[in-house]
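1. sharing a model prediction with you, sequence too.
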Amino acid sequence: MACEYLFLLSYFIYKIIFFENVKGFTLEFKKNGEKGKVYSDFVVSELKRIGYQVHAELINFGDYGIPQKRTRFILVGVRKDICNSN
């Protein structure tokens, strides 16, 4: 799924992107007994490669008034040409 998301972003090149996922997106996955990639690191590096300045972190929504502890992976990306135009 992450690869399809990145394909769309590289094709359309939006000015600003917002991405939200579960906390597990930041964990290493194992496939066929071998150590897998951390999906969040892969997405961040690919977004930087295609021209975005990226900020990503885990956010506990309970810290912002949501009545439950819910930690989510949040990523915001801005095209580098927009960031550098100031």
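-> Perfect, thanks for sending it.

2. report the central residue of the chain.
-> residue 75 (4.2 Å; CA atoms, centre = their mean).

3. list the buried ones in the helix or strand harbouring it?
-> Under the criterion of DSSP states H and E, residue 75 resides in strand 71-79. Within strand 71-79, the residues that count as buried by 16 or more other CB atoms under 10 Å are 73, 75, 77-79. The C-beta positions use only the backbone N, C-alpha and C, and glycine is treated the same way.

4. ditto for stretch 14-26
-> Burial within stretch 14-26, assessed by neighbour count using 16+ other CB under 10 Å, is assigned to 17, 19, 21, 25-26.

5. before we move on, what about stretch 45-55?
-> For stretch 45-55, the neighbour count (16+ other CB under 10 Å) marks 46-47, 52, 54 as buried.

6. mind checking the end-to-end distance for that stretch?
-> Terminal residues of stretch 45-55 lie 11 Å apart, using CA to CA, to the nearest Å.

7. run through who's touching stretch 73-85.
-> Stretch 73-85 is contacted by residues 13-23, 25-26, 40, 43-44, 47, 51-59 when judged by CB atoms under 8 Å, 6 or more residues apart in numbering.

8. my guess is residue 27 contacts residue 38, does it?
-> Yes - taking contacts as CB atoms under 8 Å, residue 27 lies within contact range of residue 38: 6.8 Å.

9. so where's the chain shaky on pLDDT?
-> Counting by pLDDT under 70, the chain has low-confidence residues at 1, 29-36, 85-86.

10. and the buried residues of strand 71-79, which is closest to residue 9?
-> residue 77 (8.0 Å; CB to CB).
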